[in-house]
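*Asks:* Got a predicted structure plus its sequence, pasted below:
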Amino acid sequence: MRAIVVAEHGGPEALAEREEPVPVPGPRDVLIRVAAAGVNYIDTYYRSGHYHRDLPFTLGEEAAGTVEAIGAEVADFEIGDVVVTSTARGGYAEFALADTDRVVPVPAEVTPEQAAAALLQGMTAHYLTHDTFPVGEGDTVLLHAASGGVGLLVTQLVKLRGGRLIGTVSTPEKEKLARDAGADEVIGYADFPARVRELTDGRGVDVVYDGVGKDTFDGSLASLRPRGLLALFGAASGAVTGLDTGRLASAGSVFLTRPTLVHYTLTVAELRERAAAVFGHVASGALDVHIGRTYPLSDARIAHEDLEGRRTTGKLLLVP
């Protein structure tokens, strides 16, 4: 099979297409014939070595397709089922393995491409808006990177829950996408805390969903109302380090959390219930999954260059 392999950590040039053996499922594994693989920021962290993984490895955690083979102890799936996972072992390939407990069935009303585009980012948007800070009627949200894959989904879920959303973007094209998704206000990154104060009559927002990290962290704290919550769920601009916790007090006794999807899908039941909620919204048309671009598997390097260069909107997919 064709696969994208990282032999040495580095930039996008570290991604190399190779011929690899088709993996053999273990007792609790599902072998997926990949129809679409999601490209996510976490992939760049593994590629660069920011997150550790033994070399060499096939990149990619998010993959959707049909079940090609199953292990002896797999009871939930059969060959031919359409499934998706966000914990594939080598999703940038024609075939990928995943543990059966981390595999989710895809309803007939949702395509494999939609499933690959919606699972990881959709569940991230879902836990942020439903659990990390459950948005209620009248709550005001500041969302960074509002035109990105997670951002567009967060925007739609905030509006479905009755919230008001202020989104930050970097270009007019991205502003249009954010507004089309339902953002009430769209602003640039320059002096955004002052703009947030203007838009909230000096009060600040109830919650900031921040997937950018280092470049926006200070401004995010400055945008909160007293006892507001900053959910720092990503670090696209780099990690936040050296935090003086006294700043949380001076910012208004605010709360800070660093949530990750794994802790909001701890059990098989929670994973599948959260995925079913996302897919239900997709199937009904309440949640529009914006696929910004699809790339052939051989263009994985270009996909990473576009993602890290902030030239993308919505979800990026690799199609073997």
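*Replies:* Arrived safely, thanks for sending. Numbers count the residues shown, from 1 in each chain.
*Asks:* Could you look up the SS state of Ser237?
*Replies:* Following DSSP: H, G, I helix; E, B strand; the rest coil, Ser237 is assigned to coil.
*Asks:* start the count at 7, not 1, going forward
*Replies:* Yep, numbering from 7; the last one is Ser243 now.
*Asks:* Neighbours of it, how many?
*Replies:* 16 (other Cβ atoms under 10 Å). All C-beta spots, glycine's among them, are computed from the backbone N, C-alpha and C.
*Asks:* Quick check: nearest residue in space to it, chain neighbours excluded?
*Replies:* Among residues not flanking Ser243 along the chain, Asp221 sits closest, at 3.8 Å (Cβ to Cβ, 6 or more residues apart in numbering).
*Asks:* Next, give phi and psi for that neighbour.
*Replies:* Here is the backbone geometry of Asp221 (degrees, to the nearest 10): phi -70, psi -20.
*Asks:* and it, how many residues sit next to it?
*Replies:* 15.
*Asks:* go on, His132?
*Replies:* 23.
*Asks:* And for Leu158?
*Replies:* If we define neighbours as other Cβ under 10 Å, then Leu158 has 31 of them.
*Asks:* my guess is Leu254 meets Val260, correct?
*Replies:* Yes - using Cβ atoms under 8 Å, Leu254 is in contact with Val260, at 5.4 Å.
*Asks:* Which one of the two is surrounded by more residues?
*Replies:* Val260 (23 against 16).
*Asks:* What distance do you get for that one to Asp212?
*Replies:* Note on Val260: its distance to Asp212, by Cβ to Cβ, to the nearest Å, is 11 Å.
*Asks:* Can you pull the residues that touch both of these two?
*Replies:* Leu230, Gly234, Leu235 (Cβ atoms under 8 Å, 6 or more residues apart in numbering).
*Asks:* Quickly find the element holding the last one.
*Replies:* Read it as Leu235. Leu235 is part of strand 230-238 when elements are defined by DSSP states H and E.
*Asks:* Span of stretch 190-205 from start to end?
*Replies:* 10 Å (Cα to Cα, to the nearest Å).
*Asks:* for stretch 149-156, same thing?
*Replies:* Terminal-residue distance, stretch 149-156 (Cα to Cα): 10 Å.
*Asks:* Just the mean pLDDT for that stretch, thanks.
*Replies:* The pLDDT scores in stretch 149-156 average 93.
*Asks:* can you check stretch 260-268 too?
*Replies:* The model assigns stretch 260-268 a mean pLDDT of 97.
*Asks:* Likewise for stretch 298-314?
*Replies:* For stretch 298-314, the per-residue pLDDT averages 96.
*Asks:* what's it in contact with?
*Replies:* With Cβ under 8 Å, 6+ apart, stretch 298-314 has contacts from 8, 10, 17-19, 21, 23, 42-43, 45, 47, 49-50, 53, 65, 98-100, 119, 155, 318-326.
*Asks:* again, only using 7 Å
*Replies:* 8, 10, 18-19, 21, 23, 45, 47, 50, 53, 98, 318-326 (Cβ atoms under 7 Å, 6 or more residues apart in numbering).
*Asks:* do stretch 96-108 as well
*Replies:* So stretch 96-108 is contacted by 7-10, 26, 28-29, 31, 34-40, 43, 64-69, 74, 80, 82-83, 91, 93-95, 274, 277, 303, 306, 324, 326 (Cβ under 7 Å, 6+ apart).
*Asks:* how long is stretch 219-236 end to end?
*Replies:* 11 Å.
*Asks:* next one: stretch 223-234
*Replies:* End-to-end for stretch 223-234, by Cα to Cα: 14 Å.
*Asks:* Buried residues, it. List them.
*Replies:* Phe223, Gly225, Ser226, Leu227, Ala228, Ser229, Leu230, Arg231, Gly234 (16 or more other Cβ atoms under 10 Å).
*Asks:* Kindly report the same for stretch 306-313.
*Replies:* Those would be Ala306, Arg307, Ala309, His310, Glu311, Asp312, Leu313, for stretch 306-313 by 16+ other Cβ under 10 Å.
*Asks:* Domains of the protein: list them as residue ranges, please.
*Replies:* The chain resolves into domains spanning 8-125+271-325, 142-264 when parsed by automatic domain parsing.
*Asks:* Could you export the ones you listed as a markdown table, including distance to Ala131?
*Replies:* Putting the domains of the chain into a markdown table (distance: least, Cβ to Cβ, whole Å) gives the following:
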| stretch | distance to Ala131 |
| --- | --- |
| domain 8-125+271-325 | 8 |
| domain 142-264 | 4 |
